[in-house]
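Engineer: Predicted model and sequence follow; I will ask about them next.
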Amino acid sequence: MSRSRQPPLVTGISPNEGIPWTKVTIRGENLGAEPADLIGLTICGHNCLLTAEWMSTSKIVCRVGQAKNDKGDIIVTTKSGGKGTSTVSFKLLRPEKIGILDQSAVWVDEMNYYDMRTDRNKGIPPLSLRPANPLGIEIEKGKFPQKDLEMLFPGMSADFTSENFSAAWYLIENHSNASFEQLKMAVTHLKRQANKKSEGSLACVKGGLSTFFEAQDALSAIHQKLEADGTEKVEGSMTQKLENVLNRASNTADTLFQEVLGRKDKADSTRNALNVLQRFKLLFNLPLNIERNIQKGDYDVVINDYEKAKSLFGKTEVQVFKKYYAEVETRIEALRELLLDKLLETPSTLHDQKRYIRYLSDLHAPGDPAWQCIGAQHRWILQLMHSCREGCVRDLKGPPGLHSATLDLDGDVRASVPGHLGQTASLKRGSSFQPGRDDAWRYQTPHRVAFVEKLTKLVLSQLPNFWKLWISYVNGSLFSETAEKSGHIERSKNVRQRQNDFKKMIQEVMHCLVKLLRGALLPLSDAEGGGRQCRGWEVKAELSGQGLAHAIQTLRLTYESLTALEIPNDLLQTIQDLILDLRVRCVVVTLQHTAEEVKRLAEKEDWVVDSEGLTSLPCQFERCVVHSLQSLRDVLECKPGEASVFQQPKTQEEVCQLSVNIMQVFIYCLEQLSTKPDADVDTAHLSVDVSSPDLFGSIHEDFSLTSEQRLLIVLSNCCYLERHTFRNIAEHFEKHNFQGVEKITQVSMASLKELDQRLFENYIELKADPIVGSLEPGIYAGYFDWKDCLPPTGVRNYLKEALVNIIAVHAEVFTISKDLVPRVLSRVVEAVSEELSRLMQCVSSFSKNGALQARLEICTLRDTVAAHLTPESRSSFKQALEALPQLSSGADRKLLEWLLSRVRSSVHLQLACFQAPPPPAVKTQVPSR
């Protein structure tokens with residue numbers, strides 16, 4: 001059961017005895033939570049609720065009424081706790097009736113009560129004059145139980161002085177056996193008493209008229225006797241003579257006792273002076289006590305003594321008291337000035353500020369010390385912020401280098417690289433991407449980022465107390481109870497007037513904070529806007545993306561801390577605007593830095609080819625871009641109240657262009673690598689993946705790359721970029737909510753395809769042109785003539801040489817990348833077939849043997865490269881055969897078939913490379929490199 005529901009318990013009453021209508025103080029526990037909670041109070045069985053005054057849960061003041069019992073308990077009843085108990089009792093004394101002029105040991109109070117029956121206030125006569133029997137007939141207490149009467153007359157009382165007086169209850173309780181005649185006599189008595197009250201003082205004079213006459217007669221007899229004794233009138237009348245005698249006696253007595261009386265008067269004066277000093281020692285000692293207590297810092301004692309002196313002597317007319325009280329006021333005024341100086345002194349704790357404000361409030365200091373303190377704190381915070389900036393700028397101009405402590409940035413600010421990138425063969429070999437210049441971030445913080453941390457820490461250490469001071473000023477907790485009651489109305493007006501002023505203070509602090517941070521973090525943009533806060537900072541070098549990301553995280557934590565103070569969001573909007581600008585700038589700087597890193601990837605190309613014909617360069621590129629995007633994860637994420645980085649079309653366009661630029665920079669790197677002169681290629685570290693079973697044994701330790709091989713490697717990388725890398729990067733762009741990903745992909749793919757086609761054409765030109773150029777001289781070597789030639793016995797050397805050259809191309813391509821073989825050989829075969837068709841069509845006529853020889857060579861070449869024929873090459877071979885005369889006999893056809901079979905069997909080992917490879921296994925998922 002909670003405390004508020006426990007029954008009332010009376011543990012003390014003072015005084016513990018007295019006559020009816022004695023004022024008593026009741027003490028105990030659970031005596032009601034509020035005045036309305038008290039619903040019943042009886043003392044010695046008498047209901048005293050009418051006169052009860054609820055003071056607190058442990059104190060009630062009331063008056064004891066006319067009770068039946070001489071001694072009884074004190075019972076308190078409340079709504080919350082019900083009927084209570086008592087551990088003490090009250091003894092009711094029966095007073096004797098006394099007259100108006102009789103002495104009494106008990107003070108007889110008069111009280112005013114509100115009589116609802118007459119709707120006016122009446123004065124109740126003293127207890128001694130109240131009629132014990134208002135009806136004037138014999139009182140016979142009935143035997144009706146008190147509880148039955150209370151149920152019969154709920155809310156009523158038999159006390160004729162009570163507001164809820166019930167005549168029926170009174171008659172049943174006191175005159176239940178009275179006859180009708182007695183009741184008529186009671187009515188007559190009541191009328192007579194009412195008539196006496198209406199006559200008032202005149203009736204009193206009439207009733208005592210004989211007494212006045214007797215007094216007049218006695219005074220007349222005394223006067224006549226005095227006249228008779230003074231008939232000679234020698235020394236005047238009798239009264240005059242008596243006066244003279246009395247005067248002489250007085251003068252004689254004064255002469256006799258003048259010295260004694262003088263000493264007595266002096267002693268009385270000294271005694272009175274000592275009494276005054278003793279009685280008013282508080283005032284006389286107060287100036288010195290004030291000085292001592294101020295030195296000890298006991299301001300509470302000073303204020304209490306001053307309040308006592310002010311209440312006693314504030315309006316005195318005694319000169320001595322005025323003089324000492326003026327001295328007290330002088331000391332108090334000095335104390336006010338001292339407390340105000342301490343209040344406005346900075347730095348100061350919130351506890352001390354509240355304490356000094358309460359002291360000044362109790363001392364009724366002029367003005368508004370609390371608001372003066374708020375203004376001083378506001379100026380102090382601004383001064384600290386500017387001093388922080390000046391100190392950091394001064395340190396920056398000192399010895400070169402970083403001026404900050406070590407920070408651990410391995411957390412959320414520096415994102416980890418996705419795990420799936422480590423699954424490729426190239427990354428397993430250890431050719432991982434190195435972050436480069438910003439590795440210093442793992443050990444030290446740039447000076448401007450350290451300034452951001454220092455400045456925000458300073459604001460967070462000062463602004464909460466500043467805000468709490470304002471809240472205390474608004475709700476009045478800064479002031480004492482007496483000062484709050486006395487100045488509540490005036491202070492309420494001040495608060496309403498000060499709200500706009502305080503809002504401007506907070507806005508000024510936020511504006512100053514943002515300007516200082518913007519000058520440090522975005523000096524270039526701030527300088528362009530005409531700001532002066534960037535002065536002193538090195539504006540030539542801009543912060544890296546990691547530095548900006550760390551600053552953004554610091555500002556976000558600052559914003560959350562300020563929001564927790566319940567500062568309105570409109571006052572913190574400038575911080576949100578700064579965070580958005582920093583996020584946009586961080587994205588731009590990170591992408592620009594990524595483009596620089598990608599440009600330097602060309603220097604890290606090791607030309608080590610894996611089993612798929614790829615170097616580590618595409619994986620390094622993908623890892624570089626993904627690493628940058630991961631580092632922007634927290635920056636791009638929208639915290640509560642933040643807007644998207646890409647909400648502005650200008651930002652979307654700039655980020656899209658930077659993303660495209662990253663792709664095109666890498667494409668340019670590939671082009672530079674493919675066209676790099678042989679002398680510029682460092683071959684000291686070159687090697688091949690000897691674990692690959694597809695490599696020819698002709699490649700040995702002294703292997704060095706030619707320009708054609710570099711073209712093939714770059715072409716292989718381009719194919720992988722198109723199929724995997726660019727698509728993976730596009731997915732990461734979408735994952736991080738980049739806008740215009742489709743445009744980025746389209747532009748990048750178009751540039752990549754253009755480079756791929758250009759490099760492919762260069763390679764085909766390098767490989768196909770020599771083969772094509774060797775056909776015509778080989779065909780007509782030794783003055784060969786199609787019109788006059790011997791019967792064919794096999795293919796001639798020029799065709800064998802062309803096939804060997806094609807096999808060499810196949811071997812070179814197959815060594816680098818098996819996937820490029822069909823594409824390269826198809827174009828080489830197209831060029832050879834086209835040239836062979838042209839040469840056949842240029843022949844004017846063929847002999848029988850010439851036609852058979854030409855058909856043998858064309859069919860041999862066609863059948864050998866059948867796996868790499870395209871519609872164009874088939875058409876060329878067809879045109880070449882159509883240019884020959886048709887075989888006229890079956891013997892010629894059999895001879896041709898025999899010759900073809902003989903050629904195939906003789907070069908079957910060399911022609912094995914042209915056999916169609918088995919279909920590749922279907923891959924359900926292409927692993928990301």
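Structural biologist: Yep, that arrived.

Engineer: For the stretch 101-250 of the chain, give me the ranges with low pLDDT.
Structural biologist: Applying pLDDT under 70 to the stretch 101-250 of the chain flags residues 101-132, 142, 196-211, 226-227, 229-239.

Engineer: now the strands for it?
Structural biologist: All strands of the stretch 101-250 of the chain, identified by DSSP state E, counting those that start in this stretch, fall at 112-115, 120-123.

Engineer: So in this protein, where's the weakest helix or strand by average pLDDT?
Structural biologist: Here the helix or strand of the chain ranked lowest by mean pLDDT, DSSP states H and E is helix 425-428, holding a mean of 36.

Engineer: is it true that Val10 lies in a helix?
Structural biologist: No: checked against DSSP: H, G, I helix; E, B strand; the rest coil, Val10 lies outside a helix; its state is strand.

Engineer: Tell me, how many residues neighbour it?
Structural biologist: 25 (other CB atoms under 10 Å). Every C-beta, even on glycine, is put in place using the N, C-alpha and C of the backbone.

Engineer: Quick one: residues contacting it.
Structural biologist: Counting by CB atoms under 8 Å, 6 or more residues apart in numbering, Val10 touches 26-28, 31, 73-76, 84-88.

Engineer: and which of these is nearest to Val809?
Structural biologist: Relative to Val809, the closest of those is Leu31; by CB to CB it sits at 111.4 Å.

Engineer: SS state for the closest one?
Structural biologist: Using three-state DSSP, the secondary structure recorded for Leu31 is coil.

Engineer: now the contacts of Val10: which count as buried?
Structural biologist: In the contacts of Val10, burial by neighbour count holds for 26-28, 31, 73-76, 84, 86, counting by 16 or more other CB atoms under 10 Å.

Engineer: Restricted to strands, list those.
Structural biologist: Among these, the ones falling in strands (DSSP state E) are 26-28, 73-76, 86.

Engineer: Columns distance to Ala549 and pLDDT on top of those residues, output as TSV?
Structural biologist: Converted to TSV, these look like this (distance: CB to CB, whole Å; pLDDT from 0 to 100):
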residue	distance to Ala549	pLDDT
Ile26	71	94
Arg27	68	93
Gly28	67	93
Asp73	78	90
Ile74	75	92
Ile75	75	92
Val76	70	94
Ser86	74	93
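
Engineer: contact partners of stretch 793-810?
Structural biologist: Applying CB under 8 Å, 6+ apart, the contact partners of stretch 793-810 are 767, 770-771, 774-775, 777-779, 781, 784, 821, 824-825, 828-829, 832, 853, 856-857, 860-861, 864-865, 899, 902-903, 906-907, 910-911, 913-914.

Engineer: Please produce a PyMOL select command covering the buried subset of these.
Structural biologist: Selection of the buried residues among the contacts of stretch 793-810 in PyMOL, burial being defined by 16+ other CB under 10 Å:
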select buried, resi 767+771+774+775+778+779+821+824+825+828+829+832+853+856+857+860+861+864+865+899+903+907+911+914
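
Engineer: where's stretch 547-563 relative to the chain centroid, distance-wise?
Structural biologist: Relative to its chain's centre, stretch 547-563 lies at 11 Å (CA atoms, centre = their mean, to the nearest Å).

Engineer: swap in stretch 54-64?
Structural biologist: Once both centres are worked out by CA atoms, centre = their mean, stretch 54-64 turns out to sit 48 Å from its chain's centre.

Engineer: and it, average pLDDT?
Structural biologist: In this model, stretch 54-64 has a mean pLDDT of 91.

Engineer: Check stretch 395-414 too.
Structural biologist: Mean predicted confidence for stretch 395-414 is 46.

Engineer: returning to that earlier point: next secondary structure element downstream of the least confident helix or strand of the chain?
Structural biologist: Downstream of helix 425-428, the first helix or strand assigned by DSSP states H and E is helix 447-475.

Engineer: Run through the neighbouring helices and strands of that following helix.
Structural biologist: Other elements packing on helix 447-475 under the criterion 3 or more CB pairs under 8 Å, 6 or more residues apart in numbering; DSSP states H and E are helix 350-362, helix 369-396, helix 488-521, helix 545-564.

Engineer: wait, which of those helices is closest to Leu339?
Structural biologist: Counting by CB to CB, Leu339 lies closest to helix 350-362 out of those; the figure is 5.2 Å.
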